[in-house]
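Peer 1: the following block contains a protein sequence and its predicted model.
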Amino acid sequence: MTPAGSLLAAHDLRKAYGSTPALDGASFSVHPGEVVAVLGPSGSGKSTLLHCLAGIVVPDSGTLTYAGRDLSGMSDAERSSLRRGDFGFVFQFGQLVPELTCLENVALPLRLNGVKRKQAARTALEWLERLEVDDTAAKRPGEVSGGQGQRVAVARALVASPKVVFADEPTGALDSLNGERVMELLTESARSAGTAVVLVTHEARVAAYSDRDIVVRDGRVRDPEFAV
Amino acid sequence: MSIGHTLLGLLESGPRHGYDLKRTFDEKFGHDRPLHYGQVYATMSRLLKNGLVEVDGVESDGGPERKRYAITDAGITDVGAWLSRPEKPEPYLQSTLYAKVVLALLTGRSASGLLDAQRSEHLRLMRVLTDRKRKGDLADQLICDYALFHLEADLRWLELTGARLDQLAEVIAP
Ligand SMILES: Nc1ncnc2c1ncn2[C@@H]1O[C@H](COP(=O)(O)OP(=O)(O)O)[C@@H](O)[C@H]1O
Ligand SMILES: [Mg+2]
């Protein structure tokens, strides 16, 4: 059931919170290096889909395949090592570690993957430069603007060369100009690194940065690749 | 907005006289700009010539002759093709899109499918503009942004209308 050549594929995912079905038979796939926008009204199940795809939330039923491996059969430990090694994340509100400097935040994924402190700091600084926020290196997240914080978060998501970045409303808390810039930098960096992006948004102008889009309605997805 | 397709769509529910067509059109779509009789008759004779409608009967009741028009199979196909073909995204589409949604509901076609197809078409153009913006200078960026904001407004309307289809179907039920 996995579309040919896909890196990450989900088929017929279901997930309920109590009696509320958040996902009601959702299918989805993303190819290596592809930027896919997940559109849909608020409450339609976009975040739940993203959390299931990323292995943060375990679906009640359905299949999930990543690089040919069945995710549903993995242990929690295997899933979290996959998240650390292959996935990057950007959320609506940066979710940077407040006690660390911006540089340390960006270096963190490398450190968790066993990269030496100095090398990690050097690579992290390169990413801050690329995202045009190297002046935040010594500052803590509380001391930078929302737009800067999101760029730091994008740097952190990409620093360890993930195969997939999951971005949930990454511009949701930004004004138009900052939002545009974050989208430009995120998609440009991901494209040049060959990183796939799953981009959840309810804004069409943000979705226009994608290669392809799908729409979630009432927990169901229409992915043309699965169309009958 | 395509008056020919709209009149044709109205004929799908049954044969009507030219006068009746004009009245229904004005009622449903012509709030600011009612049709002239001349427009109706010119349109109907074009549709006749193209085989999309036929004359179903002529009455005179002592007065001038009144033709009753009926849609042909080719006409039904034509309405279907028009409804399923997304409009070229451009500003101020609302009257055409509104007419399409209403006619889809009136003729039992998929209004949400129509809205979905239009949404894809809008997004396709928005991608092109976003790409042009990325590669262009500031002037390109500003020009593209103008179009992007308008297209986004259309999309919001599509989304809102999609959420209100059941309500709309009740309101416009013949
Ligand atoms: N942790 C949770 N506990 C209970 N209900 C939840 C939880 N997460 C999501 N939901 C419900 O699931 C549905 C889908 O939510 P979500 O995936 O966050 O939608 P979206 O991201 O599209 O706004 C909503 O009805 C929401 O209230
Ligand atoms: Mg959400």
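Peer 2: That came through fine. Numbers count the residues shown, from 1 in each chain, chains lettered A, B, ... in the order given. Ligands and ions are numbered 1, 2, ... in the order given.
Peer 1: point out the residues in chain A that sit beside chain B.
Peer 2: A:41, A:184, A:188, A:203-205, A:207-210, A:213, A:215, A:222 (C-beta under 8 Å from any C-beta of the partner chain). No exception for glycine: its C-beta is placed from N, CA and C like everyone else's.
Peer 1: single out whichever of those has the smallest pLDDT.
Peer 2: Among the residues of chain A next to chain B, A:Arg222 has the lowest pLDDT, at 67.
Peer 1: in which helix or strand does A:Thr65 reside?
Peer 2: Take DSSP states H and E as the rule and A:Thr65 turns out to sit in strand A:61-66.
Peer 1: name the helices or strands packed onto that strand?
Peer 2: With contacts taken as 3 or more C-beta pairs under 8 Å, 6 or more residues apart in numbering or on different chains; DSSP states H and E, strand A:61-66 sits against strand A:8-17, strand A:20-30, helix A:46-53.
Peer 1: what about B:Lys88, distance to chain A?
Peer 2: Here B:Lys88 is placed at a distance of 17 Å from chain A (C-beta to the nearest C-beta, to the nearest Å).
Peer 1: name the nearest residue to that residue, ignoring sequence neighbours.
Peer 2: Distances taken as C-beta to C-beta, 6 or more residues apart in numbering or on different chains put B:Glu121 closest to B:Lys88, at 7.8 Å, once the chain neighbours are dropped.
Peer 1: tally of neighbours for that neighbour?
Peer 2: Neighbours of B:Glu121 under the rule other C-beta atoms under 10 Å in any protein chain shown: 16.
Peer 1: again, but for the one 3 residues further on
Peer 2: Neighbouring residues of B:Arg124 were enumerated by other C-beta under 10 Å; the total is 14.
Peer 1: tell me which element it is part of?
Peer 2: Per DSSP H and E: helix B:111-135 holds B:Arg124.
Peer 1: for the residue of chain A found nearest chain B, phi and psi?
Peer 2: Nearest residue of chain A to chain B, counting by C-beta to the nearest C-beta: A:Ala208, 3.8 Å away. In terms of degrees, to the nearest 10, the main-chain angles of A:Ala208 are phi -70, psi -10.
Peer 1: residues contacting A:Leu110?
Peer 2: A:Gln119, A:Ala120, A:Thr123, A:Ala124, A:Val159, A:Ala160 (C-beta atoms under 8 Å, 6 or more residues apart in numbering or on different chains).
Peer 1: leaving out the residues flanking it, which one is nearest to it?
Peer 2: Residue nearest to A:Leu110 in three dimensions, not counting chain neighbours: A:Ala120, with 3.9 Å by C-beta to C-beta, 6+ apart.
Peer 1: helix, strand, or coil at the one you found?
Peer 2: Of the three states, A:Ala120 takes helix under DSSP: H, G, I helix; E, B strand; the rest coil.
Peer 1: measure it to A:Arg156 for me?
Peer 2: 12 Å (C-beta to C-beta, to the nearest Å).
Peer 1: A:Ser80 now?
Peer 2: A:Ser80 sits 17 Å away from A:Arg156, going by C-beta to C-beta.
Peer 1: if you count surrounding residues, which of those two has more?
Peer 2: Comparing A:Ser80 with A:Arg156 by other C-beta under 10 Å, the one with more neighbours is A:Arg156, at 27 against 13.
Peer 1: quick check, the more buried one in a helix?
Peer 2: Yes. Under three-state DSSP, A:Arg156 falls within a helix.
Peer 1: which residues touch it?
Peer 2: A:Arg156 makes contacts with A:Gly88, A:Leu96, A:Asn105, A:Val106, A:Leu108, A:Pro109, A:Trp127, as judged by C-beta under 8 Å, 6+ apart.
Peer 1: turn these into JSON lines, columns for secondary structure.
Peer 2: Shown next, in JSON lines, are the contacts of A:Arg156 (three-state DSSP):
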{"residue": "A:Gly88", "secondary structure": "strand"}
{"residue": "A:Leu96", "secondary structure": "coil"}
{"residue": "A:Asn105", "secondary structure": "helix"}
{"residue": "A:Val106", "secondary structure": "helix"}
{"residue": "A:Leu108", "secondary structure": "helix"}
{"residue": "A:Pro109", "secondary structure": "helix"}
{"residue": "A:Trp127", "secondary structure": "helix"}
